[in-house]
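# Coordinates only, no sequence provided:
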């Protein structure tokens, strides 16, 4: 019997010698590639969930890979009568959200003043001739996350969004968090993380319903590690105390006047206009990066008189508290659990992900799947729902242990979608890190939670998060619901503002210099906050006041 190869939940029989890439082609599953299956581009990554033993050993072209990752063009079936289950790192597209109504109204009044303009048939960059063209003038904004990448293309003459796309960050083969990727990049030559990401971004831009050559500026928002890897900088210093980007060190030594980075489409081998400017937004400090900078533009913190707080939840969660007079920020290494990483059936918020969970009184489990098809896994909002429902039905205690002594809960037995007790432990620790970071930051500011007038909840899945469920398990503070505003991907909104307005960039350059950075690991009560935050119980104001 031939070996059964399953890719993105599609299956076909394959005999020895057939590659995973060949199987994908027969199934109609697109695998990114730029080298016609000869192993040179290293883009055709797949994650092998089961059946690695039924594939040939890694080839020399795959020596940079570890764990479950293979190059699909090199990984061949080596025997019959087996089963291989894998998925590509481009399993679909995340939903692209338009501007959130919960963002401050003032950001919608920002005048359109892009760096790229038209004068007759001349296209200018910062008022200087760039090229001659009668075609559209486009710009792109990118939120470069550790787990997912979101790209938005904007018409710079009208300010309208004309295209959007997203994909899983393929750098996952180098580790699921920033510290792992720093280690990988510093121990492997050839800038493999940068090359692979740029390859995927190229495919993303080329598949959009626009001419990439009409993109004359690209604005990049991302944490310090993701941003610097994208531009090809050495990131080793970000992984060592005091955890600073090389651009921060150079700024402190007077060798540069900003942590902003610039390059060109040509230098980064992107399919945009060759002399298009690629600009990385400035950092705030340490692991609080350009994605947080972009979020601050999106919530117009520089114009805020009230005390507000923001959590941008992700693999590396950033927290900000303050107003235009004083701002503190911190970074929490929460890990990828709530973005689907390190969870048995976890996945990002792509098509096929369970995003809503309900436990009925008659014992039935109901769930909603993004795209409405067969479930492939469960994403962050679904995980929060599930934990909340488990607590509501007393299926788990506050420590995350199943009351009936089971080791897992089956959501969909037919498709083997479940949540195990070890998964719940991973989620508890991720949640505990976020809660501890928030408590330390609020304490450092010297206010109780009740003084926060608006709590902005940002992040890839925040737009779809059930606030009451999140409060029940202590994922966010137990504040009045009317104070909590879900703003979705604020980083892409802020990057878009910077793309549309050079004045907003100038504001941001000044703002980042005024922000105080709180080092969580030096707080004497961090571990106390973390332990309490790991419990699945509401986060009360008393935690915020712990001394």
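Looks like it came in fine. All of these numbers come straight from a predicted model, not from anything done at the bench.
# any idea which helix or strand carries residue 143?
Applying DSSP states H and E as the criterion places residue 143 in strand 138-144.
# What pairs with that strand, parallel or antiparallel?
Strand pairing for strand 138-144, determined by DSSP bridges: strand 148-155 (antiparallel), strand 215-222 (parallel).
# Just after the last one, pick out the following helix or strand.
Read it as strand 215-222. Following strand 215-222 toward the C-terminus (DSSP H and E): helix 224-230.
# Show me what whatever helix or strand comes next after that following helix is packed up against.
As assigned by DSSP H and E, the chain's next helix or strand after helix 224-230 is helix 246-252. If contacts are counted by 3 or more CB pairs under 8 Å, 6 or more residues apart in numbering; DSSP states H and E, helix 246-252 sits against helix 224-230. The C-beta positions use only the backbone N, C-alpha and C, and glycine is treated the same way.
# Other residues contacting the helix it packs on?
Residues from elsewhere that reach helix 224-230 (CB atoms under 8 Å, 6 or more residues apart in numbering): 144-146, 169, 171, 178, 181-182, 185, 193-194, 197-198, 220-222, 234-235, 238, 244-248, 261, 268, 280-281, 283, 286-291.
# swap in stretch 21-35?
Taking CB under 8 Å, 6+ apart as the rule, stretch 21-35 contacts 5, 7-8, 10, 12, 14, 37, 41, 43-46, 72-73, 75, 88-90, 170, 199-200, 202-203.
# Can you check the distance spanned by that stretch, start to finish?
Start-to-end span of stretch 21-35 (CA to CA, to the nearest Å) is 12 Å.
# List the buried residues of it.
For stretch 21-35, a neighbour-count test (16 or more other CB atoms under 10 Å) marks 21, 22, 23, 24, 27, 29, 31, 32, 33 as buried.
# can you give me how far it is from the chain middle?
Relative to the centre of its chain, stretch 21-35 is centred 25 Å away, using CA atoms, centre = their mean, to the nearest Å.
# Ok, stretch 371-378 next?
20 Å.
# Would you indicate which residues of it are buried?
Neighbour count says stretch 371-378 has 375, 376, 377, 378 buried, by 16+ other CB under 10 Å.
# how close does the third one get to residue 346?
Taking CB to CB, to the nearest Å as the measure, residue 377 and residue 346 are separated by 6 Å.
# Between those two, which contacts overlap?
residue 340.
# Residue 189: neighbour count?
Residue 189 has 8 neighbours, counted by other CB atoms under 10 Å.
# show me what contacts the closest residue to residue 104 other than its chain neighbours?
Excluding its sequence neighbours, the residue lying closest to residue 104 (CB to CB, 6 or more residues apart in numbering) is residue 300, at 4.6 Å. Counting by CB under 8 Å, 6+ apart, residue 300 touches 104, 106, 107.
# Pull out the buried residues from those residues.
104, 107.
# Tell me the one of the contacts of residue 300 nearest residue 59?
Taking CB to CB as the measure, residue 59 lies nearest residue 107 of the contacts of residue 300, at 50.3 Å.
# Do you know the pLDDT at the closest residue to the closest one other than its chain neighbours?
In this structure, residue 107 finds its nearest non-sequential neighbour in residue 300, 5.5 Å apart by CB to CB, 6+ apart. pLDDT for residue 300: 96.
# how far away is the residue nearest the centre of the chain from residue 306?
The centre of the chain sits closest to residue 145, judged by CA atoms, centre = their mean, with a distance of 3.3 Å. Taking CB to CB as the measure, residue 145 falls 28 Å from residue 306.
# for the stretch 401-547 of the chain, which spans come out with low pLDDT?
Judged by pLDDT under 70, the stretch 401-547 of the chain has its weakly predicted residues at 541-547.
# Would you agree residue 312 is in contact with residue 290?
No: contact criterion CB atoms under 8 Å: residue 312 and residue 290 do not qualify, at 11.7 Å.
# For these two, indicate the residue with more neighbours.
residue 290 (34 against 29).
# Show me the strands in the stretch 351-500 of the chain, by range?
353-359, 365-369, 377-378, 408-412, 417-420, 454-459, 484-488 (DSSP state E, counting those that start in this stretch).
# what does the stretch 1-150 of the chain give?
3-7, 10-14, 45-50, 69-71, 83-88, 116-119, 122-125, 128-132, 138-144, 148-155.
# of all these, which lies closest to residue 505?
That would be strand 138-144 among the strands of the stretch 1-150 of the chain, by CB to CB, at 12.1 Å.
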